[in-house]
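Enquirer: Dropping the sequence and predicted coords here.
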Amino acid sequence: MTAAMKRLFLAAAAFAAVHASAGDITPPTSLVIDGVPAISDDLIEKVAPYADFRAHAIASWHPTKREMLIRGRLNATNQIELVTAPGERPQPLTDYPDAVNFATYQPVNGSYFVFARAEGGSEVYRLFRQDIATRAVTPVSPAGERASTLQWARKGDLAVYTTLPVDRNNPGGKVTTRVHVVDPAHPETDRVIAELEGGGWSGFHFSEDGKRLVYIEYVSANESYIWLMDVATGKARRVTPPAKGEPVFYGETRFTKDGRGLITVCDRASEFRRLTYLPLSGGAPRVLTPNLAFDVDAFALSFDVNRIAFITNEAGADVLRLMDLATFKELPRPPLVDGVVANLAWRPKSMEIAITMSSARSAGDVFTYDLKANVLTRWTNGNAPGVNTSQFAEPRVIKWKSFDGLEVSGFYYAPPTKFEGKRPVIINIHGGPEGQARPSFIGRNNYFVSELGVAMIYPNVRGSSGFGKTYLKLDNGALREDSVRDIGALIEWIKQQPYLDGSRIMVMGGSYGGYMTLACAFRYADRIASAVDVVGISNFVSFLEHTESYRRDLRRAEYGDERDPQMRDILESISPLNNADRITKPLMVVAGKNDPRVPYSEGAQIVANLKKRGTPVWFILANDEGHGFAKKPNADYQFYATVEFARRTLLK
């Protein structure tokens with residue numbers, strides 16, 4: 001940390017004591033704030049109902065009972081809860097200061113479950129076993145290493161996971177992924193069966209007989225490979241051939257029941273990721289969804305009922321589809337409303353599948369669909385009691401032409417008609433960069449639309465997923481700034497709309513969207529009112545040198561390798577920190593001290609630079625958070641400050 005940054009933090013630490021007064025809120029003690037004015041209680045009263053949603057997600061079915069583990073907010077963070085029947089009140093099973101987002105039952109008797117937990121947003125997850133009868137908690141994975149989620153063998157006496165070293169300060173250090181097998185009932189049985197070079201190994205799953213593993217070697221969003229490993233010896237072989245010409249992406253992969261083939265998702269000879277059968281005998285792959293011009297985002301197999309459930313991404317909305325596993329013929333679709341579907345989970349020995357579903361008017365809840373009865377059942381309700389979500393804006397797709405004629409699209413959330421005149425606009429840019437804006441729940445941001453009359457646009461600039469692999473690659477390496485120009489074209493589109501105020505535009509985004517925000521802040525300073533950067537990249541070179549070691553090469557594949565002199569020059573030239581003199585409109589920056597992805601120094605250095613120049617800048621740093629604020633008090637304060645920032649820079 002530089003001397004200037006240290007002075008910045010020391011000055012900011014005293015802010016609350018100096019500025020707070022009667023009727024103003026006191027920020028959580030974990031936050032260091034600088035430049036943020038006092039926030040009044042009356043603002044909190046208005047915003048609070050929009051911060052009380054409790055989204056739920058399926059975590060794991062019980063192997064013998066019709067009940068499930070779910071993820072949902074308990075107090076300040078997400079925890080694991082038990083739901084014993086549809087509509088029953090969730091029963092908390094974990095309660096930690098930090099979030100618990102993963103849990104899986106022992107798959108035979110359900111006598112315990114395994115969960116993952118990290119501290120302070122560090123993402124250094126450790127696996128634990130929690131016994132159902134006693135609630136005793138026992139560590140399963142080693143301390144101090146980043147453990148992956150855990151996958152079971154069919155018999156429930158063996159599971160697989162991986163660990164990675166954590167070493168942010170060693171740019172040239174070797175990264176090794178260790179593959180572990182263990183019986184979580186007896187953690188002392190843990191053994192490392194293989195060590196793999198690099199940090200891109202994931203998606204480990206057992207064959208039905210428990211003797212082999214299938215897994216993915218991830219190189220980039222456009223290139224990956226399928227491997228097999230013998231559990232007894234750790235001997236491995238690559239199943240898919242090396243890239244010749246255009247690389248192929250392979251996603252999550254499973255063995256068939258007989259072990260003679262694999263079901264995977266890949267974009268081989270296609271713009272889109274398709275459900276595909278790969279025979280292990282060396283025969284030709286069989287595309288199972290040849291007539292669907294959409295990405296298959298996820299799938300789940302049930303050998304109990306011989307079915308595949310899979311999700312297609314259709315213009316951002318998800319469609320749940322079903323297929324007969326014996327004939328590979330598609331079956332009638334379940335009756336779902338438009339929204340986003342995730343976490344497919346078949347109930348053992350039944351024709352019931354659980355999903356997590358969210359939409360513009362639903363924060364996210366667990367539903368089940370019974371194939372035999374053709375019945376959809378809601379298990380949870382995460383909506384806030386103080387807000388009528390049925391009045392929330394439904395997004396519509398908008399399209400515009402970019403600088404080179406490329407058609408770009410996004411989702412537009414319109415304010416209620418009670419607001420007259422041209423409306424101010426917030427452009428909210430997703431992360432990734434290969435993420436995608438979806439017609440899903442926008443949470444607290446509904447306050448901007450419903451109560452302040454602000455229009456919100458969520459663009460899918462080039463490089464976003466869901467639009468084919470050609471579109472996905474249009475921002476790679478030296479093409480990075482073309483995606484920023486897509487936002488410039490959107491700004492011009494806004495100015496042409498009779499119902500939008502092109503003179504009042506705020507840009508915001510998180511992670512890679514934070515970089516996009518900062519890039520817009522210097523490129524389009526004359527066309528925007530303000531910007532909000534959340535855990536964003538301010539300098540690609542410093543980011544690539546200090547992001548966690550296990551992520552570094554994976555990010556170089558997307559952004560370019562800063563060790564190459566020519567690429568380094570490009571990265572330096574487009575980095576917001578090196579163009580800070582062009583940032584002239586107010587900026588708000590949010591960072592997490594323990595962020596392993598985008599180090600907090602990325603935010604701190606742009607703030608320090610702008611403060612020296614006298615540019616208005618607000619800064620919020622959380623000492624107990626990582627890549628985004630997960631604790632409700634911190635997230636609430638961040639949103640209160642964002643509303644106040646918008647009130648002062650956009651709404652006036």
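Expert: Right, received. Where do you want to start? Numbers count the residues shown, from 1 in each chain.

Enquirer: CA only for contacts and neighbour counts going forward, please
Expert: Will do.

Enquirer: Which other helices and strands does the host helix or strand of I70 contact?
Expert: Using DSSP states H and E, I70 sits in strand 68-73. Contacts defined by 3 or more Cα pairs under 8 Å, 6 or more residues apart in numbering; DSSP states H and E place strand 68-73 against strand 56-61, strand 78-83, strand 102-105.

Enquirer: can you rerun that using 10 Å?
Expert: strand 56-61, strand 78-83, strand 91-92, strand 102-105, strand 362-370 (3 or more Cα pairs under 10 Å, 6 or more residues apart in numbering; DSSP states H and E).

Enquirer: quick one, which of those strands is packed in tightest?
Expert: Among those, strand 56-61 has the highest mean neighbour count (mean count of other Cα atoms under 10 Å), at a mean of 26.

Enquirer: Pull out the CA atoms of it and give them to me as PDB.
Expert: Provided in PDB are the C-alpha atoms of strand 56-61 (Å, rounded to 0.1, in the frame of the first residue of the first chain):
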ATOM      1  CA  HIS A  56     -34.000 -19.100  -1.800                       C
ATOM      2  CA  ALA A  57     -32.300 -21.800  -3.800                       C
ATOM      3  CA  ILE A  58     -32.300 -25.600  -3.700                       C
ATOM      4  CA  ALA A  59     -29.100 -27.100  -2.200                       C
ATOM      5  CA  SER A  60     -29.800 -30.800  -1.800                       C
ATOM      6  CA  TRP A  61     -32.700 -33.300  -1.600                       C
END
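
Enquirer: Give me the distance from it to the chain's centre.
Expert: Computed by Cα atoms, centre = their mean, to the nearest Å, the chain-centroid distance of strand 56-61 equals 17 Å.

Enquirer: okay, the angle between it and strand 68-73?
Expert: 150 degrees (axes from the mean of the first three to the mean of the last three Cα atoms, to 10 degrees).

Enquirer: can I assume I606 is in contact with S542?
Expert: No - counting by Cα atoms under 10 Å, I606 sits too far from S542 to count as a contact (11.9 Å).

Enquirer: More neighbours: which of these two?
Expert: I606 (22 against 17; other Cα atoms under 10 Å).

Enquirer: Enumerate every residue touching that one.
Expert: Taking Cα atoms under 10 Å, 6 or more residues apart in numbering, we find I606 in contact with L518, I537, S538, N539, P576, L577, N578, N579, A580, L587, V589, V617.

Enquirer: how close does the first one sit to T547?
Expert: Using Cα to Cα, to the nearest Å, one gets 19 Å for the distance from L518 to T547.

Enquirer: rewinding a little: got the helices and strands packed on strand 68-73 as TSV, with distance to F255 and mean pLDDT columns?
Expert: Formatted as TSV, the helices and strands packed on strand 68-73 follow (distance: least, Cα to Cα, whole Å; pLDDT from 0 to 100):
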stretch	distance to F255	mean pLDDT
strand 56-61	20	97
strand 78-83	29	98
strand 91-92	34	96
strand 102-105	20	98
strand 362-370	24	93
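
Enquirer: Could you export those strands as a markdown table, including distance to I505?
Expert: Shown next, in a markdown table, are these (distance: least, Cα to Cα, whole Å):
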| stretch | distance to I505 |
| --- | --- |
| strand 56-61 | 33 |
| strand 78-83 | 33 |
| strand 91-92 | 43 |
| strand 102-105 | 38 |
| strand 362-370 | 26 |
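
Enquirer: out of those, nearest to P424?
Expert: Closest to P424 of these is strand 362-370 (Cα to Cα; 25.0 Å).

Enquirer: Tell me the strands beside the closest one, with direction?
Expert: Partners of strand 362-370 in the sheet, by DSSP bridges, are strand 352-359 (antiparallel), strand 375-378 (antiparallel).

Enquirer: you'd agree D370 is up against P335?
Expert: No - checked against Cα under 10 Å, the pair D370 and P335 is beyond contact range at 11.1 Å.

Enquirer: Touching both of these two, which residues are there?
Expert: Joint contacts of D370 and P335 (Cα under 10 Å, 6+ apart) are L376.

Enquirer: Tell me which of L518 and T547 has more neighbours.
Expert: L518 (32 against 22).

Enquirer: Let me know whether my guess that that one is in a helix holds.
Expert: Yes - when DSSP: H, G, I helix; E, B strand; the rest coil is applied, L518 is found to be in a helix.

Enquirer: With G614 as the reference, measure out to it.
Expert: From L518 over to G614 (counting by Cα to Cα), the distance is 17 Å.

Enquirer: how near is Y225 to G251?
Expert: The value you get for Y225 to G251, if Cα to Cα is used, is 9 Å.

Enquirer: If we go by neighbour counts, what in the helix or strand hosting T642 is buried?
Expert: Following DSSP H and E, one finds T642 within helix 632-649. Buried residues in helix 632-649, counted by 16 or more other Cα atoms under 10 Å: 632-646, 649.

Enquirer: Going by distance to G502, which of the residues you listed wins?
Expert: T649 (14.1 Å).

Enquirer: which residues touch that closest one?
Expert: Counting by Cα under 10 Å, 6+ apart, T649 touches R504, I505, M506, I528, A529, S530, A531, K585, P586, L587, V643.

Enquirer: just to revisit the earlier point, show me the two of the buried residues of helix 632-649 that sit farthest apart.
Expert: Longest distance between any two of those is 25.3 Å, between K632 and T649; criterion Cα to Cα.

Enquirer: mind listing what K585 touches?
Expert: Contacts of K585 by Cα under 10 Å, 6+ apart are 506, 521-522, 524-531, 615-617, 649.

Enquirer: most neighbours, which of those?
Expert: When neighbours are counted by other Cα under 10 Å, A531 leads the contacts of K585 with 32 neighbours.

Enquirer: Over to it. Which of the three states is it?
Expert: With three-state DSSP as the criterion, A531 reads strand.

Enquirer: More neighbours: Y225 and G251, which one.
Expert: Neighbour count, other Cα under 10 Å: between Y225 and G251, G251 has more, with 28 against 22.

Enquirer: so the more buried one touches C266, yeah?
Expert: Yes - proximity of G251 to C266 meets the contact threshold set by Cα under 10 Å, at 6.2 Å.

Enquirer: Return every residue with contacts to both of these two.
Expert: Common neighbours of G251 and C266, using Cα under 10 Å, 6+ apart, are E223, S224, Y225, R273, R274, L275, V296.

Enquirer: my guess is F272 contacts E314, does it?
Expert: No - applying Cα under 10 Å, one finds F272 not in contact with E314, separated by 11.2 Å.

Enquirer: and for the two, which residues touch both?
Expert: Residues touching both F272 and E314 (Cα under 10 Å, 6+ apart) are L292, A293, F294, D295, V296, G466, F467.

Enquirer: The fifth one is in what secondary structure piece?
Expert: Which is V296. Assigning secondary structure by DSSP H and E places V296 in strand 295-302.

Enquirer: and the helix or strand harbouring N313, which strands flank it?
Expert: Assigned by DSSP H and E, N313 belongs to strand 307-314. Here strand 307-314 has these sheet partners by DSSP bridges: strand 295-302 (antiparallel), strand 317-324 (antiparallel).

Enquirer: Need the winner for burial among these.
Expert: Most buried of these by mean neighbour count (mean count of other Cα under 10 Å) is strand 295-302; its value is a mean of 22.

Enquirer: Looking at that one now, give me its mean pLDDT.
Expert: Summarised as a single mean, pLDDT over strand 295-302 is 96.

Enquirer: Just the CA trace of it, in PDB.
Expert: C-alpha atoms of strand 295-302 as PDB (Å, rounded to 0.1, in the frame of the first residue of the first chain):
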ATOM      1  CA  ASP A 295     -27.300 -22.300 -25.500                       C
ATOM      2  CA  VAL A 296     -27.900 -25.200 -23.200                       C
ATOM      3  CA  ASP A 297     -26.900 -23.700 -19.900                       C
ATOM      4  CA  ALA A 298     -27.300 -26.700 -17.600                       C
ATOM      5  CA  PHE A 299     -28.600 -30.200 -17.400                       C
ATOM      6  CA  ALA A 300     -29.300 -32.900 -14.800                       C
ATOM      7  CA  LEU A 301     -29.600 -36.700 -15.300                       C
ATOM      8  CA  SER A 302     -32.000 -39.100 -13.500                       C
END
